[in-house]
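Visitor: coordinates for the following, if possible.
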Amino acid sequence: MTSIVIFFIVTIALVWGVLIYNKLVHDRNTSLAAWSDIDVQLKRRHDLIPKLIDAVKQYASYESSLLESVTSLRSQAKAIKKISERENVERELQTQVHKLIAVAEDYPELKANQNFLELQKDISNVENDIQYARRYYNGAVRNINTRIDSFPDLVIARFLNYKYHEYFQLDD
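Guide: Next up, the predicted model:
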């Protein structure tokens, strides 16, 4: 009789551990997939920036310091892998791109340029997509981090050396 009770206790503990492990894996993979979505949107923005710079350069050649700043930040952002470091550069890049688009206000012929208007619309769409992807990612990060901190999941998470995921913050 004692061996049957021990068998059931061990079986229940094993099933419990497997279920928690599978939830942790699911949440970790959701977080990684969500980061991949952000990365795709950031790459889309990075691909649009040279076209935007070329369009502005044709009309606003004396805005060279702003154009150089955007180009430099784009290169930096593409090279950084750590989320917290990339977050700062992407935030600054976002600010500079908005300034670049605002330059159009001083150039009526640029504001009327169909190519520039398309780029402006594309950049706006990408910025919105980045915000949606960021919110989804941060929700996924919140889920995995909460699971890592919550009993009984924290027992398995600590045993398997799960690490907290970093949030990704940009200005809306």
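Visitor: who are the packing partners of the helix-or-strand element of the chain with minimal mean pLDDT?
Guide: Lowest by mean pLDDT, DSSP states H and E among the helices and strands of the chain is helix 108-111, with a mean of 75. For helix 108-111, the elements it packs on are helix 2-59, judged by 3 or more Cβ pairs under 8 Å, 6 or more residues apart in numbering; DSSP states H and E. Quick note: C-beta positions are derived from backbone N, CA and C, even for glycine.
Visitor: now the angle from the following helix or strand past the helix it packs on to helix 2-59?
Guide: Downstream of helix 2-59, the first helix or strand assigned by DSSP states H and E is helix 64-79. Angle of helix 64-79 versus helix 2-59, following axes from the mean of the first three to the mean of the last three Cα atoms, to 10 degrees, is 160 degrees.
Visitor: what sits against the residue nearest the centre of the chain?
Guide: Ranked by distance to the mean C-alpha position of the chain (Cα atoms, centre = their mean), the top residue is Ile38 at 3.7 Å. Going by Cβ atoms under 8 Å, 6 or more residues apart in numbering, Ile38 touches Ile130, Ala133, Arg134, Tyr137, Phe168.
Visitor: so where is this structure shaky, pLDDT-wise?
Guide: Applying pLDDT under 70 to the chain flags residues 60-63, 171-172.
Visitor: check which helices and strands the helix or strand just after the least confident helix or strand of the chain sits against.
Guide: Downstream of helix 108-111, the first helix or strand assigned by DSSP H and E is helix 114-149. On a contact count with 3+ Cβ pairs under 8 Å, 6+ apart, helix 114-149 meets helix 2-59, helix 83-102, helix 153-159.
Visitor: give the buried residues for helix 114-149.
Guide: 116, 119-120, 122-123, 126-127, 129-130, 133-134, 136-138, 140-141, 143-145, 147-148 (16 or more other Cβ atoms under 10 Å).
Visitor: now the residue nearest to the centre of the chain. Nearest residue, chain neighbours left out?
Guide: Of all residues not flanking Ile38 in the chain, Ala133 sits nearest, at 4.5 Å (Cβ to Cβ, 6 or more residues apart in numbering).
Visitor: could I get the CA-only coordinates of the least confident helix or strand of the chain as PDB?
Guide: The C-alpha trace of helix 108-111 is given here as PDB (Å, rounded to 0.1, in the frame of the first residue of the first chain):
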ATOM      1  CA  PRO A 108       6.500  73.000 -49.800                       C
ATOM      2  CA  GLU A 109       7.900  71.300 -52.900                       C
ATOM      3  CA  LEU A 110       9.000  68.300 -50.800                       C
ATOM      4  CA  LYS A 111       5.600  68.100 -49.100                       C
END
